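S.K.: Structural data only, the sequence is not supplied:
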């Protein structure tokens with residue numbers, strides 16, 4: 001008897017399934033996200049047998065469960081190990097996402113180059129579904145990767161990839177990318193929810209049962225999230241985003257999920273002609289000390305992971321001649337800028353709203369915390385009034401809608417870094433200035449509201 005196929009419609013955003021096509025998903029409320037998918041009875045029977053073959057165990061007491069210890073090995077890249085929580089865990093599945101051209105393949109090739117040196121007796125496999133063998137080989141040779149135990153395989157069919165994995169038995173492997181890999185047992189287009197879910201499930205079972213450390217590359221949607229169903233991020237052990245301005249030199253590696261460590265660490269790299277290089281001491285990497293006596297420039301200190309990082313914020317306020325003022329930002333949300341401009345207009349009586357405002361964070365860093373509010377306001381006032389800000393002054397504090405200046409977390413760590421780099425003055429909240437008065441050689445100036453900030457220039 002011929003195999004019967006069942007047709008269903010699946011939302012490509014959330015994975016919700018419907019027996020017929022609908023215009024709007026009732027689960028995630030997205031429009032025109034349903035695609036037709038055909039499932040063969042053979043694939044359904046295989047999935048059913050796979051679930052029934054598992055041995056059923058009952059619940060256990062804590063005393064009956066042995067604590068599991070993870071075997072870690074170094075990757076040869078300190079910043080990468082920092083993000084992973086101390087090194088690579090054997091048999092883990094790591095998902096790496098980033099915008100096109102940001103350097104994901106370069107990072108993984110650099111990583112495999114170090115792993116071939118540290119593990120000369122083990123095979124390493126790079127599966128590419130987007131680039132040819134020669135393209136991957138040329139990049140690998142340019143980055144100094146040796147071919148003694150490194151294998152490149154250009155394939156998108158999961159069954160053929162699995163056959164080569166069983167043959168080579170690699171210790172480390174890369175799948176680039178999960179959206180281009182398809183299973184012949186599912187009759188749907190590459191990158192659909194069913195294909196990604198099935199391939200990831202098969203890949204996860206195999207690498208964990210054989211102790212293979214696997215890196216999976218994921219595409220990014222226009223909203224900035226990894227393409228495919230959200231279940232993809234739940235199935236893997238670690239989710240890492242490779243961020244930065246593709247036209248700049250700096251890249252940041254940030255863990256969003258990590259089952260074997262914390263997600264507070266970030267790794268910083270610099271893109272050079274011969275690949276990515278680690279930034280071991282990034283405290284002043286994003287500052288330009290040659291710029292002195294200029295308007296609209298202020299310095300702040302953010303906390304990325306366990307390390308303080310100094311950033312330079314630049315503002316340009318010019319007269320608008322065409323009606324409504326424009327708001328252009330780089331590294332900061334435009335809504336946040338609009339809020340701070342409203343606070344300045346309300347409590348400092350400065351008519352910034354009628355001007356064009358441009359705000360930039362030097363080095364392509366994206367600010368996600370509120371710790372730099374005081375520095376942003378200082379830059380805006382400096383540009384508007386044409387006043388200089390001393391390059392030895394740091395602004396650190398969160399500003400509320402009532403104009404009050406609030407304290408920031410992890411202050412002692414940042415203060416120690418400021419002392420080490422010989423900064424002279426710190427403008428922060430009145431509470432922190434009183435608490436650390438006399439405990440540091442830095443001249444601390446505490447303010448309660450932003451009405452006092454003009455006196456600090």
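M.R.: Nice, I can see it. Just so it is clear, the structure is predicted and the values come from calculations on it, not from any experiment.
S.K.: Spatially central residue in this structure, please.
M.R.: Of all residues in the chain, the one closest to the mean position by CA atoms, centre = their mean is residue 241, 2.9 Å from it.
S.K.: so that residue bridges to which residues?
M.R.: residue 97, residue 254 (DSSP bridges).
S.K.: didn't it look like it was pressed against residue 95?
M.R.: No: between residue 241 and residue 95 there is no contact under CB atoms under 8 Å: 9.5 Å. (Glycine included, C-beta is placed from N, CA and C.)
S.K.: And the average pLDDT for the helix or strand harbouring residue 153 is what?
M.R.: Under the criterion of DSSP states H and E, residue 153 resides in strand 150-154. Mean pLDDT, strand 150-154: 92.
S.K.: residue ranges with poor pLDDT in the stretch 51-200 of the chain?
M.R.: Counting by pLDDT under 70, the low-confidence segments of the stretch 51-200 of the chain come to 51-56, 67, 146-147.
S.K.: And the strands in it, which stretches?
M.R.: Under the criterion DSSP state E, counting those that start in this stretch, strands of the stretch 51-200 of the chain are mapped to 72-73, 88-89, 93-98, 124-128, 150-154, 172-176, 186-187.
S.K.: Tally up the residues packed near residue 374, please.
M.R.: When counting by other CB atoms under 10 Å, one arrives at 28 neighbours for residue 374.
S.K.: Residue 232 in helix, strand or coil?
M.R.: Using DSSP: H, G, I helix; E, B strand; the rest coil as the criterion, the local structure at residue 232 reads helix.
S.K.: What lies in contact with the longest helix anywhere in the chain?
M.R.: Secondary structure of the chain per DSSP state H: the longest helix is helix 193-210. Contacts to helix 193-210, defined as CB atoms under 8 Å, 6 or more residues apart in numbering, come from residues 10-12, 15, 37, 39, 43, 91, 93, 158, 162, 165, 169, 173, 175, 178-179, 181-183, 185-186, 188-189, 212-214, 216, 228-229, 231-232, 235-236.
S.K.: contacting residues around stretch 325-341?
M.R.: Against stretch 325-341 from outside (CB under 8 Å, 6+ apart): 320, 352-361, 364-367, 373, 376-377, 380, 399, 401.
S.K.: same question, stretch 16-36
M.R.: 7, 8, 9, 10, 11, 12, 13, 14, 188, 189, 192.
S.K.: Now the buried members of those.
M.R.: Neighbour-count burial (16 or more other CB atoms under 10 Å) applied to the contacts of stretch 16-36 gives 8, 9, 10, 11, 12, 13, 14, 188, 192.
S.K.: which residues does the fourth one bridge with?
M.R.: Note on residue 11: beta-bridge partners residue 34, judged by DSSP bridges.
S.K.: Distance-wise, check residue 446 relative to residue 453.
M.R.: 12 Å (CB to CB, to the nearest Å).
S.K.: Oops, could you answer that again for residue 120 instead?
M.R.: Residue 120 is 59 Å from residue 453, by CB to CB.
S.K.: which of the two has more neighbours?
M.R.: Comparing residue 120 with residue 453 by other CB under 10 Å, the one with more neighbours is residue 453, at 23 against 10.
S.K.: In a helix, the more buried one, correct?
M.R.: Yes: counting by three-state DSSP, one finds residue 453 located in a helix.
S.K.: what's the distance between it and residue 31?
M.R.: Taking CB to CB, one finds residue 453 at 46 Å from residue 31.
S.K.: ok so, going back, angle of the longest helix of the chain against strand 172-176?
M.R.: Orientation check (axes from the mean of the first three to the mean of the last three CA atoms, to 10 degrees): helix 193-210 against strand 172-176 gives 170 degrees.
S.K.: how distant is helix 193-210 from the center of its chain?
M.R.: The chain centre lies 23 Å from the centre of helix 193-210; the measure is CA atoms, centre = their mean, to the nearest Å.
S.K.: Now the element after that helix, going C-ward?
M.R.: Next along from helix 193-210, by DSSP H and E: strand 213-218.
S.K.: elements contacting that following strand?
M.R.: The contact analysis (3 or more CB pairs under 8 Å, 6 or more residues apart in numbering; DSSP states H and E) places strand 213-218 against strand 93-98, helix 104-118, strand 172-176, helix 193-210.
S.K.: what inclination does it have with respect to helix 193-210?
M.R.: 170 degrees.
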